[in-house]
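Enquirer: Pasting a predicted model and its sequence here:
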Amino acid sequence: MKVVEKSQLMSATEIDRTIQRLAHEIVEKSGGTTNLALIGIRRRGAPLAQRISRAMRGIDGVDVPVGTLDITLYRDDLSMIAAQPVVQSSEIAFGVDDKDLILVDDVLYTGRTIRAAMNGLFDLGRPRRIRLCVLIDRGHRELPIEATYIGRTVQTSNTEIIEVRLNEIDREERVMLVERVS
Amino acid sequence: MPNRFSHMLGIEPLTAEQVTFILDQSKPLQEIQRHPLKKLATLRGKSAALAFFEPSTRTRISFATAAARLGADTMNLQAEVSSLRKGESLLDTVRTLDAMKPDCLVMRHSSSGAPHFVAERIGIPVINAGDGTHEHPTQALLDALTIRDRRGTLAGLNVTILGDVLHSRVARSNIQLLGKFGCKFTLSGPAMWLPRELECLAPQGSSIRRVARMEEALEGADVVLVLRVQQERHHEAALALDEYVLLYQLTPERLRRAQPDALVLHPGPMLRGLEIDPAVADGPQSCVLEQVTNGLAVRMALLLMLMLGTPTDASDVMKGAGHGAD
């Protein structure tokens, strides 16, 4: 598959500002950080959740616990994947029972990842509430799922791809709009 | 794709990288055993046929539980209650099972090579759950996972195997697996169970020596694998059990000759007071129960790897590539 870059949607500074704003919004709408916990979805939701937690410490002075969730086992398209799917560990060191959870991911697209993540969380317990925070909402939902906190909403076509690059994983920091060409 | 397997018949043909991949895939599945809700839907709608032509309790239950926790159904065939006793051939029995359209066949058989024979003749993945005195790959994998968890590595360990090595598929698969990581083996037990030919089993980069005196064999061991005295496989004159206890039972005194943190593994079922002293079986160095729990994780990992369908359409590849985009 060949892809061409069409435009840059966010620079490193813009990503940082957006994370700061999302952290403020979460603290404001939750009325504080008590009982709150962040769950980053592997892979790029994980460092985003860490960053939001750090930003929240700056606002409220409290450490909001962060967990990482691998959703491979909960995907509904596993048997359609040609390469051997690689299952990774989830690292959630706290009980989710009665917690006020914020799921964090980089891009919200069909909603299927979020559906899988919620199934994964229910296997761990019964959270009091789950909300969703994403860096980019690109539309094209296939399930009735919406985000509570959105960094940026982007109109896209089905052949376009949002590429989020984060230092922790990609050693560069930006968000691009790319397009598949055949 | 080196990590795409079509069957799991034995450890011998695998590379160290493939073994590492399977163990890595088992890690996240260990966590599932600690979840309050242990049932996944990943293999929902798929079924695994469990054909045990030789009595088995723990391995069969482990595979059945592993399949259940992934959401798959199981079809059970046990030799004692099957038409095998009415004279049906192995191939006919297996083809009959296959006609019920399972997605995977897990089989145990008293003849070495039986799963290989079957795998060439049916169109679904076959997992060897023990064939004669040949291999028991899932046991070796769960042992390796247990050792790696406790020691952090498999590389270059001194492994002492005690007992009936001659008749043990567990010993063979373990030698094949740990040998790929450069482990050195010391075998000890009654001379009739330790023929010189066993030394040829060592994979490249490892070595096998036979030591008659058990005390000497335990000297400096990192891992002690105690085998069960398999009275059902012995064609020789019956072994004097009291003599075995005297000379070869793993007692706390004997275990002190091994490294202070040496691990004690036993594939089960364990005969307390015969090959192992209860004080060792229940002691802090014993990994017996961890082995059982890890067996679930390893078998879940293998079922996942073998039962997820193989697609042909290239567009699915793209869908799976993800790009973090949904």
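Expert: Great, that's in hand. The shown structure was predicted, so the numbers you read here are calculated from the model rather than taken from an experiment.

Enquirer: Check the burial of residue 12 by counting its neighbours.
Expert: I went with chain A, as the question did not name one. Using other C-beta atoms under 10 Å in any protein chain shown, residue A:12 has 14 other residues around it. Every residue, glycine included, has its C-beta placed from N, CA and C.

Enquirer: that's the wrong chain, I meant chain B
Expert: 17.

Enquirer: cool, and residue B:167?
Expert: With other C-beta under 10 Å as criterion, residue B:167 counts 21.

Enquirer: Can you tell me the SS state at it?
Expert: Secondary structure assignment for residue B:167 (DSSP: H, G, I helix; E, B strand; the rest coil): coil.

Enquirer: pLDDT (mean, whole number) over stretch B:140-147?
Expert: Mean pLDDT, stretch B:140-147: 98.

Enquirer: Check stretch A:153-173 too.
Expert: On average, stretch A:153-173 scores 95.

Enquirer: what about that stretch, start to end distance?
Expert: Terminal residues of stretch A:153-173 lie 19 Å apart, using C-alpha to C-alpha, to the nearest Å.

Enquirer: ok, now stretch B:181-189?
Expert: Length of stretch B:181-189, first residue to last, C-alpha to C-alpha: 24 Å.

Enquirer: Give me the distance between that stretch and the centre of its chain.
Expert: Computed by C-alpha atoms, centre = their mean, to the nearest Å, the chain-centroid distance of stretch B:181-189 equals 17 Å.

Enquirer: Give me the residues contacting the strand or helix carrying residue B:173.
Expert: According to DSSP states H and E, residue B:173 maps onto helix B:169-179. If you take C-beta atoms under 8 Å, 6 or more residues apart in numbering or on different chains as the criterion, helix B:169-179 is touched by B:10-12, B:14, B:19, B:112, B:130-137, B:139-141, B:143-144, B:147, B:154, B:157, B:159, B:161, B:165, B:185, B:187, B:201-203, B:205-206, B:208, B:223, B:225, B:227, B:267.

Enquirer: Can I get the helix or strand where residue B:31 lies in PDB? Just the C-alpha atoms.
Expert: Here residue B:31 sits within helix B:16-32, counting by DSSP H and E. Taking Å, rounded to 0.1, in the frame of the first residue of the first chain, the C-alpha atoms of helix B:16-32 are listed here in PDB:
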ATOM      1  CA  ALA B  16      14.300 -20.400  19.600                       C
ATOM      2  CA  GLU B  17      12.600 -17.300  18.100                       C
ATOM      3  CA  GLN B  18       9.400 -19.100  17.500                       C
ATOM      4  CA  VAL B  19       9.400 -20.500  21.000                       C
ATOM      5  CA  THR B  20      10.100 -17.000  22.400                       C
ATOM      6  CA  PHE B  21       7.100 -15.700  20.300                       C
ATOM      7  CA  ILE B  22       4.800 -18.300  21.800                       C
ATOM      8  CA  LEU B  23       5.900 -17.600  25.300                       C
ATOM      9  CA  ASP B  24       5.500 -13.800  24.700                       C
ATOM     10  CA  GLN B  25       2.000 -14.400  23.400                       C
ATOM     11  CA  SER B  26       1.200 -16.500  26.600                       C
ATOM     12  CA  LYS B  27       2.100 -13.600  28.900                       C
ATOM     13  CA  PRO B  28      -1.100 -11.500  28.300                       C
ATOM     14  CA  LEU B  29      -3.100 -14.700  28.700                       C
ATOM     15  CA  GLN B  30      -1.700 -15.300  32.100                       C
ATOM     16  CA  GLU B  31      -3.400 -12.100  33.200                       C
ATOM     17  CA  ILE B  32      -6.800 -13.400  32.000                       C
END
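
Enquirer: The helix holding residue B:173 vs helix B:16-32, what angle?
Expert: 110 degrees (axes from the mean of the first three to the mean of the last three C-alpha atoms, to 10 degrees).

Enquirer: Contacts for the following helix or strand past helix B:169-179, please.
Expert: Per DSSP H and E, the first helix or strand lying C-terminal to helix B:169-179 is strand B:184-188. Contacting residues not belonging to strand B:184-188 are listed as B:156-162, B:165, B:171, B:175, B:178-179, B:194, B:198, B:202, B:206-214, B:216-218, B:221, B:248 [C-beta under 8 Å, 6+ apart].

Enquirer: 7 Å - rerun?
Expert: B:158-162, B:165, B:175, B:194, B:198, B:202, B:206-211, B:214, B:217, B:221 (C-beta atoms under 7 Å, 6 or more residues apart in numbering or on different chains).

Enquirer: Then stretch B:86-106?
Expert: Defining contact as C-beta under 7 Å, 6+ apart, one finds that stretch B:86-106 is touched by B:46-51, B:63, B:75, B:77, B:82-84, B:114, B:118, B:121-122, B:124-127, B:129, B:303, B:306-307.
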